[in-house]
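*Asks:* compute the structure for the input listed below.
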Amino acid sequence: MEKAKENPKTETRPSPQPNHQMDADDDDENVKQLKECSSLYLSLQDCLVESNRDWKSCQKHVQALKACHERKTKK
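*Replies:* Below you'll find the model as predicted:
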């Protein structure tokens, strides 16, 4: 009985990354300026990608980012 040969062209995909925690270091300067709100911004971006840019389905993310921004500007 022959052993099954492995296909060298088979791609292995990396495991999915957890939701953004503080990966603003990997993004542009505008995201870095958001500081403590950057993870909320990146989560909103993920939602928009997943929902095909449907803002209505991402309103929880929008409101969370807005609240963070308002807290930040009151300091």
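
*Asks:* pull out the buried residues from the helix ranked longest in the chain.
*Replies:* Taking residue count as the measure and DSSP state H as the definition, the longest helix of the chain comes out as helix 59-74. By neighbour count, and taking 16 or more other C-beta atoms under 10 Å as the criterion, the buried residues in helix 59-74 are His61, Ala64, Leu65, Cys68. From N, CA and C alone the C-beta is placed, and that goes for glycine too.

*Asks:* give me the nearest residue to Leu34, chain neighbours excluded.
*Replies:* If the residues on either side of it in the chain are set aside, Leu34 comes closest to Tyr41, at 5.4 Å by C-beta to C-beta, 6 or more residues apart in numbering.

*Asks:* tell me which other helices or strands the strand or helix carrying that neighbour touches.
*Replies:* For Tyr41, the host element (DSSP states H and E) is helix 38-50. Packed against helix 38-50, as judged by 3 or more C-beta pairs under 8 Å, 6 or more residues apart in numbering; DSSP states H and E, are the following elements: helix 29-33, helix 59-74.

*Asks:* which stretches of the chain have low pLDDT?
*Replies:* For the chain, the stretches flagged by pLDDT under 70 are 1-27.
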